[in-house]
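Chemist: Sequence first, then the predicted structure:
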Amino acid sequence: MIAGVLKEQPGENRVSLVPEMVKQLEKQGVTVWIEPDAGARAFYPDESYLQAGAMIKPAADILQQADIILSIQAPETSYWKMIPAGKVLTGVYQPLYNASLMQQWADRQLTTFSLDSIPRTTRAQSMDVLSSQANIAGYKAVLLAAWNYSRYFPMFMTAAGSIAPAKVLILGAGVAGLQAIATARRLGAVVEVFDTRPAVKEEVMSLGAKFIEVEGAADASAAGGYAVEQDAAYKQRQQEKIAESTARADIVITTAQIPGRRAPVLVTAEMLDRMKVGSVIVDLAAATGGNTALTENNRTIVHKGVTIIGESNLPSAMPADASKLYAKNVFNFLQLLIKNGDLVLNFSDDIVQGACITHSGAITNERLKQAESVKL
């Protein structure tokens, strides 16, 4: 069996496998091919892969001969059109947002595993790329906010006067939000947190933050760690609470997303107008529309003195550790597909089935099929 690793397109600095995981796969009889400089932007040079037992191969060889092709983002069109029928692609392809591409891959008889679709169960935790990468995003979001903020985060008492600590508001207490809380608290900020799930209150408070409660939230226990759509009455109460908090916040970190839908707008234009001049927002939901009314993905804008940073791929800004964690997730998932050095697709395994998006010329993922049927 040959596992091939592609170099990511410009803007993505991570790599699917790091040399440590190459060694582990080699022990299992898997030959690993790496496209030249695939790990360079993550500070893993070709020499490190060669020392681990991998072979450096041109992209064309990987695309046409590898049994399983690894890329974090979807390969560019000219690449995937070179892949023969029956090959397997594995990455983070956001199928609910890229349904048309998934259908094209199905039409080409490609088998696709999207690791962001792995069931978020206890057994699958070691393969959970969403959690490993969101952890980095939450950490980096606070550092990015601190870099762009014109004042201190911690309280300072000096002979020249006292500096009050920064007030940080975090919208969403999933993996990214919890790491953002911990990082902001370590920097000395006062932190408030909003989340539609009352169950996270204890975690939030254990990290030293204040939890903002809004009564009447819809149950999100089955949403895999994501937000769920709320009714109009709840949204009104939610907006009132968030408006109060944003008006006094210096930093806002937003993380709320709903699978297959636009991110909910939690910070309206009116709220932005009431925020302090010099305050900073880092919106981690920018790729799906953003949690503010003015967010633009991969852009930083300034609105009436408020800096709004739309960042959907912060893990790519910390590529060495992000790649290391991602590669471990990939390795653990591949253990379900590798038997005695061969590729064996066991669709009776709920993780394999849940991660599979296309197979045998068809869309196989139930959530994607349901989303497409709703559109029709």
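Modeler: Sure, I can see it.
Chemist: Summarise which helices and strands the lengthiest helix in the chain is packed against.
Modeler: Longest helix in the chain by number of residues (criterion: DSSP state H): helix 129-148. Judged by 3 or more CB pairs under 8 Å, 6 or more residues apart in numbering; DSSP states H and E, helix 129-148 is in contact with helix 175-186, strand 251-254, strand 280-283, strand 306-310, helix 319-334. For glycine as for every other residue, the C-beta is placed from the backbone atoms N, C-alpha and C.
Chemist: the helices in the stretch 101-250 of the chain, which residues?
Modeler: Ranges of helices in the stretch 101-250 of the chain, per DSSP state H, counting those that start in this stretch, are 129-148, 175-186, 201-206, 232-248.
Chemist: So what's the residue count around Ser150?
Modeler: 10 (other CB atoms under 10 Å).
Chemist: Pretty sure it sits against Lys276.
Modeler: No. Counting by CB atoms under 8 Å, Lys276 is not a contact partner of Ser150; they are 10.7 Å apart.
Chemist: In the stretch 101-250 of the chain, where is pLDDT below threshold?
Modeler: 217-229 (pLDDT under 70).
Chemist: what does the stretch 251-376 of the chain give?
Modeler: Looking at the stretch 251-376 of the chain by pLDDT under 70, you get 372-376.
Chemist: where's the closest residue to Ala247 other than its chain neighbours relative to Asn332, distance?
Modeler: The shortest distance from Ala247 to any non-neighbouring residue, by CB to CB, 6 or more residues apart in numbering, is to Arg274 (4.7 Å). Going from Arg274 to Asn332 by CB to CB, to the nearest Å gives 46 Å.
Chemist: got it, and Leu6?
Modeler: Distance from Leu6 to Asn332, counting by CB to CB: 20 Å.
Chemist: More neighbours: which of the two?
Modeler: Leu6 (26 against 16).
Chemist: Just to check, the more buried one is in contact with Glu35?
Modeler: Yes. In this structure, Leu6 is within contact of Glu35 by CB under 8 Å, at 5.2 Å.
Chemist: if we can go back for a sec, would you convert the helices and strands packed on helix 129-148 into TSV that also reports distance to Ala74?
Modeler: Formatted as TSV, these follow (distance: least, CB to CB, whole Å):
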stretch	distance to Ala74
helix 175-186	22
strand 251-254	25
strand 280-283	23
strand 306-310	21
helix 319-334	15
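Chemist: closest one to Lys201 among these?
Modeler: Closest approach to Lys201 among the helices and strands packed on helix 129-148 (CB to CB): helix 175-186, 12.0 Å.
Chemist: Mind giving me the packing neighbours of the closest one?
Modeler: So helix 175-186, by 3+ CB pairs under 8 Å, 6+ apart, packs with helix 129-148, strand 167-171, strand 190-194, helix 201-206, strand 251-254.
Chemist: highest average neighbour count across these?
Modeler: strand 251-254 (a mean of 30; mean count of other CB atoms under 10 Å).
Chemist: list the helices and strands the helix or strand that that one is followed by packs on?
Modeler: Following strand 251-254 in sequence order, the next helix or strand is helix 269-274 (DSSP states H and E). Packed against helix 269-274 by the contact rule (3+ CB pairs under 8 Å, 6+ apart) you find helix 232-248.
Chemist: Okay, angle between the helix it packs on and strand 190-194 too, please.
Modeler: 170 degrees (axes from the mean of the first three to the mean of the last three CA atoms, to 10 degrees).
Chemist: Please enumerate residues in contact with helix 232-248?
Modeler: Applying CB atoms under 8 Å, 6 or more residues apart in numbering, the contact partners of helix 232-248 are 167, 169, 171, 192, 194, 196, 212, 214-218, 230, 252, 266-268, 270-272, 274-276.
Chemist: got it, and stretch 121-141?
Modeler: 92, 115-116, 118, 120, 174-181, 183, 225, 253, 255, 282, 284, 311, 314-315, 317-318, 321-322, 325-326, 328-330, 332-333, 350-351.
Chemist: could you redo the last one with a cut-off of 6 Å?
Modeler: Contact partners of stretch 121-141, identified using CB atoms under 6 Å, 6 or more residues apart in numbering, comprise 92, 115-116, 118, 175-176, 179-180, 183, 253, 282, 284, 314-315, 317-318, 322, 325-326, 329, 332-333, 351.
Chemist: Would you mind writing the CA trace of it as CSV?
Modeler: The C-alpha trace of stretch 121-141 is given here as CSV (Å, rounded to 0.1, in the frame of the first residue of the first chain):
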residue,chain,number,x,y,z
THR,A,121,-17.7,9.9,20.0
THR,A,122,-15.4,8.8,22.8
ARG,A,123,-13.8,6.1,20.6
ALA,A,124,-13.1,8.7,17.9
GLN,A,125,-11.5,11.3,20.1
SER,A,126,-8.0,10.4,19.0
MET,A,127,-9.0,11.1,15.4
ASP,A,128,-10.9,14.3,16.1
VAL,A,129,-9.2,16.9,13.8
LEU,A,130,-11.8,19.5,14.7
SER,A,131,-10.8,19.5,18.3
SER,A,132,-7.0,19.3,17.8
GLN,A,133,-7.1,22.2,15.4
ALA,A,134,-9.7,24.3,17.2
ASN,A,135,-7.5,24.1,20.3
ILE,A,136,-4.8,25.9,18.4
ALA,A,137,-7.2,28.3,16.8
GLY,A,138,-8.5,29.4,20.2
TYR,A,139,-5.0,29.9,21.6
LYS,A,140,-3.8,31.8,18.5
ALA,A,141,-6.9,34.0,18.4
